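Enquirer: Sequence and predicted structure are below.
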Amino acid sequence: MAIADRIGSSLAAVPDKLADEGWRRRFLRNVFVPWLFIMPLLLIHIFVVAIPAVQGIYLSLTDWTGIRPGNFIGLENYYQLFFEDETFGKALFNNIQWMAFFLTVPFILALFGATMLSQIKRGGMVYRSILFIPYVLASVVTTTIWKNLLNPRKGIGAALADLGIEGFDVAFLGRPDSALLSIAFIDNWHFWGFLMILFLAAMQAIPPVLYDAAKIDGANRWQEFRHVTMPGIRPILLFMFMMVAIWSFLAFDYIWLLTQGGPGGASEVIATQLYKNAFLRFEAGYGAAQGVVISIFAGFIIMIFVMLRRRGWDI
């Protein structure tokens, strides 16, 4: 009987052991292994993004000059930023103008170009490559090219003036009423091809049967674009709307390389103002506050799209 009892108890313990082993395997497969793979990326994000972000928030509450240790001054930098610094309001307005430009002109050009290229059956890759080349050029190269092209003495305007077409031989980058728009035009020349390639890829993923059904129903080209193409590319379209809106508050390189925010602050944006405060005027704490404000604007834009997604938008 004792032997039988031992055998019985051993057999009864088998399911418990199997359950424990199954739990361990599930834990390793579903918890340990995924965290093992994501841990290097998570550590990099913590040390490269999270910790500097927290440090930036703290520095925005100090009068740090970038050299000596700063003193804690609370929200004084933010009060000065919003209530005393008139140049910040002008820079913010320029950022809003920049965003309005890049949420319209590049998207219109990209949608038109992608629609035209989607109809090309032979040689389409050549046209795509030509239109995409400006995007892969370094910003220093692009700005140097356009500085020469917009030079009133030896650029396009001067060549047109020699042909008798007056009015274009002016310093577009040196006039307060045209500097920001001229920089936006140059940046758009470099950027819209990138949007076009994205929209073209999304258009090519739309099932052709949808266009065939639209043609059978008597839809013309515009109706096909409105009721088939636009719904098909809506996710990438709305996503790029969000990204371009965020990038509009990060605009820096083209503005700095072409005008450094001039003339007279006409093309000044928050990022160029931040750079001047932090590295030229030795007001790094004040510049950190401007950086935090940029992050807040970006977070607000993301929050809008999150709310739209929760409401059922396909983003």
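Expert: Nice, thanks for sending it over. Numbering: from 1, shown residues only.
Enquirer: Which parts of the stretch 101-250 of the chain are helices?
Expert: Counting by DSSP state H, counting those that start in this stretch, residue ranges of the helices within the stretch 101-250 of the chain are 105-117, 124-136, 139-149, 156-162, 179-204, 208-216, 221-224, 230-248.
Enquirer: Just checking the distance from the longest one to the centre of its chain.
Expert: In other words, helix 179-204. Here helix 179-204 is found 12 Å from its chain centre; the criterion is C-alpha atoms, centre = their mean, to the nearest Å.
Enquirer: Give me the mean pLDDT for that helix.
Expert: The pLDDT scores in helix 179-204 average 94.
Enquirer: That one versus helix 230-248: what angle between them?
Expert: 150 degrees (axes from the mean of the first three to the mean of the last three C-alpha atoms, to 10 degrees).
Enquirer: would you turn the helices of the stretch 101-250 of the chain into JSON lines with distance to Tyr286 and mean neighbour count?
Expert: Backbone N, C-alpha and C define where each C-beta goes, glycine included. Listed next are the helices of the stretch 101-250 of the chain as JSON lines, based on distance: least, C-beta to C-beta, whole Å; neighbours: other C-beta atoms under 10 Å:
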{"stretch": "helix 105-117", "distance to Tyr286": "32", "mean neighbour count": "18"}
{"stretch": "helix 124-136", "distance to Tyr286": "34", "mean neighbour count": "14"}
{"stretch": "helix 139-149", "distance to Tyr286": "26", "mean neighbour count": "15"}
{"stretch": "helix 156-162", "distance to Tyr286": "39", "mean neighbour count": "14"}
{"stretch": "helix 179-204", "distance to Tyr286": "23", "mean neighbour count": "20"}
{"stretch": "helix 208-216", "distance to Tyr286": "54", "mean neighbour count": "12"}
{"stretch": "helix 221-224", "distance to Tyr286": "52", "mean neighbour count": "12"}
{"stretch": "helix 230-248", "distance to Tyr286": "22", "mean neighbour count": "17"}
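Enquirer: so which of the ones you listed gets nearest Ala50?
Expert: When the helices of the stretch 101-250 of the chain are compared by C-beta to C-beta, helix 230-248 sits nearest Ala50, at 18.7 Å.
Enquirer: And stretch 117-130, end to end?
Expert: 12 Å (C-alpha to C-alpha, to the nearest Å).
Enquirer: what comes into contact with it?
Expert: With contact meaning C-beta atoms under 8 Å, 6 or more residues apart in numbering, stretch 117-130 is reached by 196-197, 200, 203-204.
Enquirer: mind redoing it with 6 Å?
Expert: Applying C-beta atoms under 6 Å, 6 or more residues apart in numbering, the contact partners of stretch 117-130 are 200, 203.
Enquirer: do the same with stretch 172-182
Expert: 94, 150, 258-259, 263-264, 266-267.
Enquirer: picking that back up, could you provide the helices of the stretch 101-250 of the chain in a markdown table, with additional columns for distance to Val54?
Expert: Formatted as a markdown table, the helices of the stretch 101-250 of the chain follow (distance: least, C-beta to C-beta, whole Å):
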| stretch | distance to Val54 |
| --- | --- |
| helix 105-117 | 35 |
| helix 124-136 | 34 |
| helix 139-149 | 30 |
| helix 156-162 | 49 |
| helix 179-204 | 32 |
| helix 208-216 | 49 |
| helix 221-224 | 51 |
| helix 230-248 | 21 |
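Enquirer: looking at these, which is closest to Ala288?
Expert: Closest among the helices of the stretch 101-250 of the chain, using C-beta to C-beta: helix 230-248, at 19.2 Å.
Enquirer: how about the CA coordinates for the closest one, as PDB?
Expert: What follows is helix 230-248, C-alpha atoms only, in PDB (Å, rounded to 0.1, in the frame of the first residue of the first chain):
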ATOM      1  CA  MET A 230      -8.200  60.300 -51.000                       C
ATOM      2  CA  PRO A 231      -9.900  57.700 -48.700                       C
ATOM      3  CA  GLY A 232      -7.200  55.200 -49.700                       C
ATOM      4  CA  ILE A 233      -4.300  57.500 -48.700                       C
ATOM      5  CA  ARG A 234      -6.100  59.200 -45.800                       C
ATOM      6  CA  PRO A 235      -4.000  57.500 -43.000                       C
ATOM      7  CA  ILE A 236      -0.600  58.600 -44.500                       C
ATOM      8  CA  LEU A 237      -2.000  62.000 -45.400                       C
ATOM      9  CA  LEU A 238      -3.200  62.700 -41.900                       C
ATOM     10  CA  PHE A 239       0.000  61.300 -40.400                       C
ATOM     11  CA  MET A 240       2.100  63.600 -42.500                       C
ATOM     12  CA  PHE A 241      -0.200  66.500 -41.600                       C
ATOM     13  CA  MET A 242       0.700  65.800 -37.900                       C
ATOM     14  CA  MET A 243       4.400  65.400 -38.600                       C
ATOM     15  CA  VAL A 244       4.700  68.500 -40.800                       C
ATOM     16  CA  ALA A 245       2.800  70.500 -38.100                       C
ATOM     17  CA  ILE A 246       5.400  69.400 -35.500                       C
ATOM     18  CA  TRP A 247       8.300  69.900 -37.800                       C
ATOM     19  CA  SER A 248       7.100  73.500 -38.400                       C
END
